[in-house]
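# Sequence first, then the predicted structure:
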Amino acid sequence: MHPLETLTRLDRAAARLAGIDPQFVEPGRSNLAEAAPRARAPGDVAALAGGFTVDNLRVRTGGPATYGADRELARAILTAIRFEPAVRAAASLRPLAALARNLEEHLREVAVVDPQHTPPGISNMDWAIAHASKNGVPDAVLVRERALLFFGGSAEEVVDEILILSSHASI
């Protein structure tokens, strides 16, 4: 159930983000993940061990892709899959409203969610993704003060969107 191809694809896609603006990355919180086929639990979702870091103003991976490396991002993907099974990957970036506005300016659907409205007993991230995905999973979800999440069918697709954004965004 945990194919090696997913790890290889994820590592390859993550390496392409080395040139993005380091301000997009929140070290220790920003990451890239992709679910294995038929994923049901956070351990079925691969992410970068250590997420993204910034070293000498350059974005780097904190470690290789591995299953179960980022439980919060995995739960976000698993929630998105419930609403749209074709969505299998996500990236979390710094939660900057300016980035969300740039996405909207480039005709991407962005949902903005305030986690303070989360009902008791539910994970902020699970509720935010479910709340934003009632009519299908948006291209991105800005969870205020927490993360800007990009969604796509694969890690490569998510990275393509981030690279397009980084070539146009000014923050």
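Structure received.
# Just list whatever residues bridge to the closest residue in space to E104 that isn't next to it in sequence.
Distances taken as C-beta to C-beta, 6 or more residues apart in numbering place V110 nearest to E104, at 5.2 Å, with adjacent residues excluded. Bear in mind the C-beta positions are built from the backbone N, C-alpha and C, glycine included. Taking DSSP bridges as the rule, V110 bridges to A140.
# my guess is V110 meets V137, correct?
No: with contact defined as C-beta atoms under 8 Å, V110 does not count as touching V137 (11.7 Å).
# Just give me the residue right at the centre of this structure.
Centroid check for the chain by C-alpha atoms, centre = their mean gives A91 as the closest residue, at 1.9 Å.
# How about that residue: which residues does it bridge to?
Bridge pairing for A91 - DSSP bridges - gives L32, F150.
# didn't it look like it was pressed against E34?
No: look at A91 against E34 with C-beta under 8 Å: they stay out of range, at 9.8 Å.
# Show me what the lowest-mean-pLDDT helix or strand in the chain is packed up against.
In the chain, no helix or strand scores lower on mean pLDDT, DSSP states H and E than helix 97-105, which sits at a mean of 85. The helices and strands touching helix 97-105, judged by 3 or more C-beta pairs under 8 Å, 6 or more residues apart in numbering; DSSP states H and E, are strand 110-113, strand 140-143, helix 155-168.
# Please report phi then psi for F52.
phi -100, psi 150 (degrees, to the nearest 10).
# tell me the contacts of it?
Counting by C-beta atoms under 8 Å, 6 or more residues apart in numbering, F52 makes contact with 14, 17, 25, 27, 30-32, 59-62.
# between those, which has the most around it?
With neighbours taken as other C-beta atoms under 10 Å, the top of the contacts of F52 is L32, carrying 29 neighbours.
# so where is the chain shaky, pLDDT-wise?
Across the chain, the ranges flagged by pLDDT under 70 are 1, 107, 169-171.
# Let's see that with 90 instead.
Residues of the chain meeting the criterion pLDDT under 90: 1-2, 18-19, 28, 96-108, 114-126, 144-146, 164-171.
# where along it do the helices fall?
4-15, 71-83, 97-105, 124-132, 155-168 (DSSP state H).
# among those helices, which is nearest L142?
Nearest to L142 among these is helix 97-105 (4.4 Å), distances taken as C-beta to C-beta.
# I'd like the distance from that closest one to the chain centre, please.
15 Å (C-alpha atoms, centre = their mean, to the nearest Å).
# Tell me the buried residues in that helix?
99-100, 102-103 (16 or more other C-beta atoms under 10 Å).
# how far off helix 155-168 does that helix point, in degrees?
100 degrees (axes from the mean of the first three to the mean of the last three C-alpha atoms, to 10 degrees).
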